[in-house]
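Trainee: Take this sequence and fold it.
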Amino acid sequence: MRETGPSGVAAYLRRRVIEAGGYIRKVEFPSTKGAPDYLVCLPEGVPFWVETKSPTGRLRASQSREISALRGIGETVWVVSSKKEIDALVGLYRI
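Mentor: Residues are numbered from 1 along each chain as shown. Sure, this is the predicted structure:
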């Protein structure tokens, strides 16, 4: 599996969420730039947003604004760019 780009990171995220018994949905907001890539729901009702980046990727200004707005209303948003970060994220929510 390709790990270096955002698609490799996203594929690994999908696999780990499913292994943990959760659901993951790619989200797109046609009229909103910068929305996080995925909505993740893990067992016991733990939902959160995830933005995937390549290991060298940076958030665009629109992504930073949208993430800040979501966090401002109490939403949990994670930005991940490696298998190690994804493993740590899924490990945080292990029930």
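Trainee: Excluding residues flanking it in the chain, which one is nearest Ser64?
Mentor: Gly34 (7.5 Å; C-beta to C-beta, 6 or more residues apart in numbering). Where C-beta positions appear, they are placed from N, C-alpha and C, glycine not excepted.
Trainee: What about that neighbour, how many residues nearby?
Mentor: 17 (other C-beta atoms under 10 Å).
Trainee: Check Ile73 too.
Mentor: 6.
Trainee: separation between it and Thr32?
Mentor: 14 Å (C-beta to C-beta, to the nearest Å).
Trainee: quick one: contacts for Val17?
Mentor: Val17 is in contact with Tyr23, Ile24, Val40, Leu42, Val90, counting by C-beta atoms under 8 Å, 6 or more residues apart in numbering.
Trainee: actually Val50, not the one I wrote
Mentor: Leu13, Pro36, Asp37, Tyr38, Leu39, Val40, Val77, Trp78, Val79, Val80, Leu89.
Trainee: May I see those residues organised as TSV, with secondary structure, neighbour count and distance to Ser54 added?
Mentor: Putting the contacts of Val50 into TSV (DSSP: H, G, I helix; E, B strand; the rest coil; neighbours: other C-beta atoms under 10 Å; distance: C-beta to C-beta, whole Å) gives the following:
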residue	secondary structure	neighbour count	distance to Ser54
Leu13	helix	23	13
Pro36	coil	21	16
Asp37	coil	21	12
Tyr38	strand	19	15
Leu39	strand	16	21
Val40	strand	24	19
Val77	strand	16	18
Trp78	strand	19	16
Val79	strand	18	12
Val80	strand	23	11
Leu89	helix	17	17
